[in-house]
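Student: no sequence on this one, just coordinates:
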DNA sequence: TTATAACCGAACACATTGTTCCGAAACAAG
DNA sequence: CTTGTTTCGGAACAATGTGTTCGGTTATAA
């Protein structure tokens, strides 16, 4: 994390890592195969937060949004290191996958089964996830200064009307 | 382009390039500074298309959308090489910048001046651009099969109601 | 005390980058 | 055709990074 914050994920080398960690080169390669392996081995806790959130506010679409922004606000340093432009695209890509399945399930549950063809559902999911991730990245990078509540409100303000319009068909 | 399609942008080396192009190493570095330089030197035509589109359909929000999808449909191979996941993030990042200013100007022109605070405008622009770019990337990657018209419709269906709701305040 | 496992770090082969240098080729003008 | 200029080709080079191997050292636990 220190190194990513200093130089950005791409620029961090294995040599940097083992120097900073006071670890032998062979030791590193005995535990990890890659630079990426180090990153991903600490990344599975994320899924939990996203899946837990909807239950806390039943009936609300995209309930993951506010808790997510709040969580990342508390872990600002970490969020910036991993999600910002300097963090490389690996973590964002993984988060996008996870979020996509969450949003998809949420829409399927809220949507009357045959009101929307599945293709069109995928398009909608992509839009929603794309908008959210874009907000997330810019926020983590400090390009947007807003409270978690404001971020959540903006996200929902843009996305919800369009989704609900699709509901009424 | 051949090399990007074969191995993905990240994996293409300068050595690959000069071999494929039958060009001396020194000749390459006499013309370009970087791998990235080769890419960006062929990328400024894009801006034109985006700025031209709104004039053709006055009054329509996000008029760039349909022409953009149509253009990329014609240049499918190229689009996939540059915009897909294997194309790296450089081109997408550049496109995102360009598109953001276009969307921002479009919203400022359509929006009554003091109806929305500028901070909130940035959030909205980010959402809109994020949704569009996400659609673009997945489409270029072949993860979504839809006609340009369908892509445009889906984009506008999700985004427009939210934006127009913000107008009426 | 001793056996087992984990670690350290030097050394290595390999790949990639960006620079330098000199001879060869292309080209334009006379 | 010749000459002078510009561009090109490619070998060689120093730097930096990667992933592997191996012999010696340290920690751990029985």
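Tutor: On my side now, so go ahead. It should be emphasised that the depicted structure is a prediction, and the values quoted were computed from it without experimental measurement.

Student: near chain B, which residues of chain A are found?
Tutor: Proximity of chain A to chain B is confined to A:85, A:89, A:93, A:119-120, A:122-124, A:126-135, A:138, A:144-146, A:150-151, A:154-155, A:157-166 under the rule C-beta under 8 Å from any C-beta of the partner chain. The C-beta positions use only the backbone N, C-alpha and C, and glycine is treated the same way.

Student: pull out the buried members of these.
Tutor: Those of the residues of chain A next to chain B that meet the buried threshold are A:85, A:89, A:120, A:122-124, A:126-135, A:138, A:144, A:146, A:150-151, A:154-155, A:157-163, A:166, by 16 or more other C-beta atoms under 10 Å in any protein chain shown.

Student: near DNA strand D, from those residues?
Tutor: Among those, proximity to DNA strand D is found for none (C-beta under 7 Å from any atom of the strand).

Student: narrow these to those in helices?
Tutor: A:120, A:122-124, A:126-135, A:138, A:150-151, A:154-155, A:157-163, A:166 (DSSP state H).

Student: how close does the closest residue to residue A:16 other than its chain neighbours get to chain B?
Tutor: Counting by C-beta to C-beta, 6 or more residues apart in numbering or on different chains, residue A:3 is the residue found nearest to residue A:16 once chain neighbours are left out, at 5.5 Å. Taking C-beta to the nearest C-beta, to the nearest Å as the measure, residue A:3 and chain B are separated by 20 Å.

Student: in the helix or strand where residue A:104 lies, what's buried?
Tutor: Element membership of residue A:104, judged by DSSP states H and E, is helix A:90-110. Going by neighbour count (16+ other C-beta under 10 Å), the buried part of helix A:90-110 is A:90-92, A:94-96, A:98-100, A:102-104, A:106-107.

Student: turn the residues you listed into CSV, columns for distance to residue B:111 and pLDDT.
Tutor: Formatted as CSV, the buried residues of helix A:90-110 follow (distance: C-beta to C-beta, whole Å; pLDDT from 0 to 100):
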residue, distance to residue B:111, pLDDT
A:90, 37, 82
A:91, 34, 85
A:92, 30, 89
A:94, 36, 84
A:95, 31, 88
A:96, 30, 92
A:98, 34, 87
A:99, 29, 92
A:100, 31, 94
A:102, 32, 91
A:103, 28, 93
A:104, 32, 93
A:106, 30, 90
A:107, 29, 91
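
Student: which strand or helix spans the residue nearest to residue A:1 when sequence neighbours are not counted?
Tutor: Distance criterion C-beta to C-beta, 6+ apart; nearest residue to residue A:1, sequence neighbours excluded, is residue A:81 at 5.3 Å. Here residue A:81 is covered by helix A:76-83, with elements defined by DSSP H and E.

Student: can you give me the buried ones in that helix?
Tutor: A:79-83.

Student: measure the residue most central in space within chain A to chain B for me?
Tutor: The centroid of chain A falls nearest to residue A:95 when counting by C-alpha atoms, centre = their mean (4.0 Å). According to C-beta to the nearest C-beta, residue A:95 and chain B sit 13 Å apart.
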